[in-house]
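1. Okay, sequence plus prediction incoming.
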Amino acid sequence: MKKTTKIFLIGFMGSGKSTLGKKIASQLNIGFLDLDYFIEEQENQTIQEIFDKHGEVYFREKEREVLKTVAEKKEELVVALGGGTPCFYDNMEIINRSGVSVYLKYNSGILTDRLMNVKTERPLIKNKSKEELLSFINDMLLSREKFYNQSQFILEGKNIKAEDIIDLLQ
Ligand code: S3P
């Protein structure tokens with residue numbers, strides 16, 4: 001494994017960034033940081049509460065501040081970003097300047113199936129039916145992929161595993 005300061009995991013909601021991030025960090029014996037969780041800790045509120053009380057623009061500003069803080073940390077870390085993190089301000093530049101970026105790419109059908117069971121925790125999708133969710137993901141991917149595709153590595157699949165990411169970075 002090449003010496004690198006940070007591995008940033010990029011991808012739409014439901015692409016497994018946090019689950020895979022924890023596994024990779026443990027296999028590489030380095031730290032793991034979940035950006036959403038870090039924002040919740042700093043703000044002392046859940047992501048849902050931040051969206052409800054302050055709105056998305058406020059959330060995106062906090063997300064950017066926290067990303068900058070994490071990018072400046074000196075230690076080696078695997079960072080699971082939020083699904084929207086790369087798509088606002090100059091966040092993708094900050095990410096690529098500070099480490100290695102890996103896009104976990106799934107098509108909208110797979111993402112819809114994966115998200116149907118866990119959507120209640122996510123303010124942007126919690127009230128959507130399966131059909132609405134599929135159409136929302138298709139629209140979002142159209143605008144988001146130009147950011148996601150700026151990742152240094154892109155892994156596409158049906159079931160991306162921690163080992164696939166580690167192999168990619170060797
Ligand atoms: C968001 C994704 C979420 C969280 C917030 C907004 C998005 O993170 O940051 O609900 O804009 O796609 P996950 O991708 O970890 O669910």
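-> Thanks, I have it.
2. Would you enumerate the residues in contact with the residue nearest to residue 87 when sequence neighbours are not counted?
-> Nearest residue to residue 87 in three dimensions, chain neighbours excluded: residue 147, at 4.5 Å (CB to CB, 6 or more residues apart in numbering). The way it works is simple: take the backbone N, C-alpha and C, and place the C-beta from them, glycine included. Contact partners of residue 147, counting by CB atoms under 8 Å, 6 or more residues apart in numbering, are 86-87, 92.
3. Is the helix or strand that contains residue 147 positioned near the ligand?
-> Counting by DSSP states H and E, the secondary-structure element that holds residue 147 is helix 130-148. No. Helix 130-148 lies apart from the ligand when judged by CB under 6 Å from any ligand atom; the minimum separation is 7.4 Å.
4. Which of the residues in that helix are classified as buried?
-> Using 16 or more other CB atoms under 10 Å as the test for burial, helix 130-148 gives 133-134, 136-137, 140-141, 144, 147-148.
5. So residue 137 sits against residue 12, correct?
-> Yes. Using CB atoms under 8 Å, residue 137 is in contact with residue 12, at 6.8 Å.
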